[in-house]
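Q: give me a model of this one.
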Amino acid sequence: EVVPVESLGPGGGEVGPSRNGLRPLHVRVASSEELFQLADFLQGRSGPREAYAHVVTLRGESVHRLRRGVPADQEFVRELEMLLGEGAVWEE
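A: Okay, here's the model as predicted:
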């Protein structure tokens, strides 16, 4: 099952600190395989932190907000980066 996302519209819009003061997490995915890996990884993991998926296609990059938040701990970030590769996960 793929985690649903909401489009932020053309250009992705500006993303600032979330309501709870946590910096949003950003994840870049460049293939359908990575998108499915992300969905599997997020299965059963939720938390207070907003997260955004940057989906890269031949047409460019689009930014989507994940409907569910993700955990705020650094171990979650490290595991996600190990899954998707160095530089694919960042805080903003």
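
Q: okay, helices next: where are they in the protein?
A: 32-42, 74-84 (DSSP state H).

Q: I'd like those as a markdown table, with distance to residue 61 and mean pLDDT appended.
A: In this view, the C-beta of every residue, glycine as well, is placed from N, C-alpha and C. Below are the helices of the chain laid out as a markdown table (distance: least, Cβ to Cβ, whole Å; pLDDT from 0 to 100):
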| stretch | distance to residue 61 | mean pLDDT |
| --- | --- | --- |
| helix 32-42 | 13 | 93 |
| helix 74-84 | 15 | 96 |
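
Q: take the ones you listed and write them to a markdown table, including distance to residue 67.
A: Formatted as a markdown table, the helices of the chain follow (distance: least, Cβ to Cβ, whole Å):
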| stretch | distance to residue 67 |
| --- | --- |
| helix 32-42 | 11 |
| helix 74-84 | 17 |
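
Q: out of these, flag the one nearest residue 49.
A: helix 74-84 (8.7 Å; Cβ to Cβ).

Q: just to revisit the earlier point, what's the closest of the helices of the chain to residue 60?
A: helix 32-42 (15.9 Å).

Q: now do the buried residues in that closest one.
A: Of the residues in helix 32-42, 34, 35, 38, 39, 41, 42 count as buried by neighbour count, 16 or more other Cβ atoms under 10 Å.

Q: tell me what it is packed against?
A: strand 25-29, strand 51-57, helix 74-84 (3 or more Cβ pairs under 8 Å, 6 or more residues apart in numbering; DSSP states H and E).

Q: list the residue ranges of this protein that fall below the pLDDT cut-off.
A: 1-19 (pLDDT under 70).

Q: mind doing that once more with 90?
A: For the chain, the stretches with pLDDT under 90 are 1-21, 57, 59-60, 62, 67, 92.

Q: what about stretch 58-77, distance to the chain center?
A: 1 Å (Cα atoms, centre = their mean, to the nearest Å).

Q: mind listing what's buried along that stretch?
A: When burial is assessed from 16+ other Cβ under 10 Å, stretch 58-77 yields the following buried residues: 62, 63, 64, 65, 66, 69, 70, 71, 76, 77.

Q: that stretch: end-to-end distance?
A: End-to-end distance of stretch 58-77 (Cα to Cα, to the nearest Å): 27 Å.
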